[in-house]
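[1] I would like to see how this sequence folds:
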Amino acid sequence: MTARAEDGPGESTLSRRNWLRSVPVLAGSLFFQEQSWAGGQLEEPLADSVRTALGAAIANSAPPVPTFASTEARLAYLRWLSGMSDRLYGRKKSFGERIEFLQTVWYETRRAGLDTSLVLGLIQVESAFRKFAVSSVGARGYMQVMPFWTRVIGDGDAGKLFHMQTNLRFGCVILRHYLERERGDLFMALGRYNGSRGKPQYPNAVFGAQKKWSF
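    Have a look, this model is predicted:
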């Protein structure tokens, strides 16, 4: 809001004050634009065998300990870790936090048989790398996991979705489940993950973000 030339001193000051009060609201709306594709998985009935398999897949949340078949493989991992840390610096300033996050993403994506750069792209689109992000439909954390999953295949404690490894474990297991349901069709699996199956906007956003994390 700008003061008009005919405003008196008091009115001009009030106008400026009102404008300044509106700035945080505007800034907040711009900040959340990065989450514009964040949606939520839809609860669907699961066969008992699938429920049991998914429950087993999210169990055992021991800290990730990478193992390597050779020195070359370990060096390749360390080069990846260094490169990704540099790219993530704008999102996470703490070196220790970046390394822990990247190590966990690397571990969980390989555990689920997923492309690490794809999952990093998904996290960028879903939560902008914010650990405590909550969408308008209630999806939580880095990978915007819907709370019903903790009831369906976990212990029912939705608060755990704000724990880094738990959130990444759930997200990767759910995406792998959707990929299997869609018989390897990543486009459709991503749409199902976002609750927008068949629509191109979300998968295209993830594929676009993935490019930044390719190594």
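
[2] Okay, now the unreliable bits of this structure?
    Applying pLDDT under 70 to the chain flags residues 1-39.

[3] what do you get if the cut-off is 80, keeping everything else the same?
    In the predicted model of the chain, residues 1-40, 60-63 satisfy pLDDT under 80.

[4] Strands along that one, start to end?
    For the chain, applying DSSP state E gives no strands.

[5] which residues of this protein fall in helices?
    9-32, 48-58, 71-88, 95-112, 116-127, 148-153, 164-181, 186-194, 201-213 (DSSP state H).

[6] how many neighbours does Val134 have?
    16 (other C-beta atoms under 10 Å). In short, each C-beta sits where N, CA and C put it, glycine included.

[7] And it, how close does it get to Cys172?
    From Val134 across to Cys172, the span is 20 Å (C-beta to C-beta, to the nearest Å).

[8] From the rest of the structure, what touches stretch 44-64?
    103-104, 106-108, 112, 152-154, 165-166, 169-170, 173-174, 176-177 (C-beta atoms under 8 Å, 6 or more residues apart in numbering).

[9] Next, count neighbours for Phe162.
    Applying other C-beta under 10 Å, I find that Phe162 has 15 neighbouring residues.

[10] typo on my end, Glu43
    12.

[11] show me the contacts for Arg98.
    Neighbours of Arg98 in contact, by C-beta under 8 Å, 6+ apart: Ser85, Leu88, Tyr89, Lys92.

[12] rerun that using 7 Å as the cut-off
    By C-beta atoms under 7 Å, 6 or more residues apart in numbering, the contact list for Arg98 reads Ser85, Leu88, Lys92.

[13] Would you format those as a markdown table with distance to Ile123 and neighbour count included?
    Formatted as a markdown table, the contacts of Arg98 follow (distance: C-beta to C-beta, whole Å; neighbours: other C-beta atoms under 10 Å):
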| residue | distance to Ile123 | neighbour count |
| --- | --- | --- |
| Ser85 | 15 | 15 |
| Leu88 | 10 | 21 |
| Lys92 | 12 | 18 |
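
[14] Just name the closest of those residues to Val119, please.
    Leu88 (13.3 Å; C-beta to C-beta).

[15] any idea how far Ala128 is from that closest one?
    From Leu88 to Ala128 the distance is 12 Å (C-beta to C-beta).

[16] neighbours of Asn60, just the number please.
    7.

[17] oh sorry, the question was meant for Pro200
    12.
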